[in-house]
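Q: test case, fold it:
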Amino acid sequence: MCFLKKRGVCEVGHQKKGEERLSDYIRAIPDFPKPGILFRDITTLLQDGEAFHRCMGLLTERVRPLSPQKIVAVEARGFIFGGALAQNLGCGFVPVRKRGKLPYTTKEITYDLEYGTDTLAIHEDALKPGEDVVLVDDLLATGGTMRAVVDLLESMQADILSIVFLIELSDLKGRERLKGYPVESLVTF
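A: Residues are numbered from 1 along each chain as shown. Presented below is the predicted three-dimensional model:
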């Protein structure tokens, strides 16, 4: 089934001549934010209502059978997909933010970055032990941020059903840091 009729967009498995895929809506920007990095810009996908609708339809199709109670997403771009997915599924949405951005008492985790550390926070009452959750973000690169979120949710005794991404950069092997959890991505580069 094709959701993007105007442009003939179909995503699943194979591409017929003249059809576009979600990856066709993701712009590649060389040397951003620093030399040697090829940045995958999702704003071009978000700006196209049909492509964004198709993207959310695919994410919803993959997650609906899991029947999560909450969608947990990482700021900032993860909120776009996580919020829309929670709305599509009729379940709760839980934001994971950087330290100091949430107004209530938080549970935090500090993790290593390439150069330094960062701290993520979640409201301490956002999840109950045993609650079924799906984690969502826009991009899986090295997996460090999502691994920190997994560790944070494990400490809260949440039941992580799956981790889903719009994009996976397979050369960076982020999936390896998330072993033991089902990981899905719509587009792989």
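Q: so what's the residue count around the residue lying closest to Leu139 once chain neighbours are set aside?
A: Once flanking residues are discounted, Leu139 sits nearest to Ile167: 4.8 Å by Cβ to Cβ, 6 or more residues apart in numbering. From N, CA and C alone the C-beta is placed, and that goes for glycine too. Using other Cβ atoms under 10 Å, Ile167 is surrounded by 20 other residues.
Q: and what about Ile167, helix, strand or coil?
A: strand (DSSP: H, G, I helix; E, B strand; the rest coil).
Q: how much space separates it from Ile80?
A: 13 Å (Cβ to Cβ, to the nearest Å).
Q: do Asp138 as well
A: For Asp138, the distance to Ile80 - Cβ to Cβ - is 7 Å.
Q: and Ala28, by the same measure?
A: For Ala28, the distance to Ile80 - Cβ to Cβ - is 19 Å.
Q: circling back to that earlier point, got any residues that touch both of Ile167 and Ile80?
A: Asp138 (Cβ atoms under 8 Å, 6 or more residues apart in numbering).
Q: any idea what the spatially most central residue of the chain is bridged to?
A: For the chain, Asp137 is the residue whose C-alpha lies nearest the centre (Cα atoms, centre = their mean; 1.6 Å). For Asp137, the beta-bridge partners are Phe165 (DSSP bridges).
Q: could you measure from it over to Asp151?
A: Relative to Asp151, and taking Cβ to Cβ, Asp137 is found at 15 Å.
Q: show me where pLDDT drops low in the chain?
A: 1-19 (pLDDT under 70).
Q: in it, which helix has the most residues?
A: For the chain, the helix reaching the highest residue count under DSSP state H is reported as helix 49-63.
Q: where do the helices of this structure begin and end?
A: 43-46, 49-63, 77-89, 144-155.
Q: make JSON lines out of these and add mean neighbour count and distance to Val133.
A: Below are the helices of the chain laid out as JSON lines (neighbours: other Cβ atoms under 10 Å; distance: least, Cβ to Cβ, whole Å):
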{"stretch": "helix 43-46", "mean neighbour count": "15", "distance to Val133": "24"}
{"stretch": "helix 49-63", "mean neighbour count": "18", "distance to Val133": "11"}
{"stretch": "helix 77-89", "mean neighbour count": "20", "distance to Val133": "11"}
{"stretch": "helix 144-155", "mean neighbour count": "19", "distance to Val133": "7"}
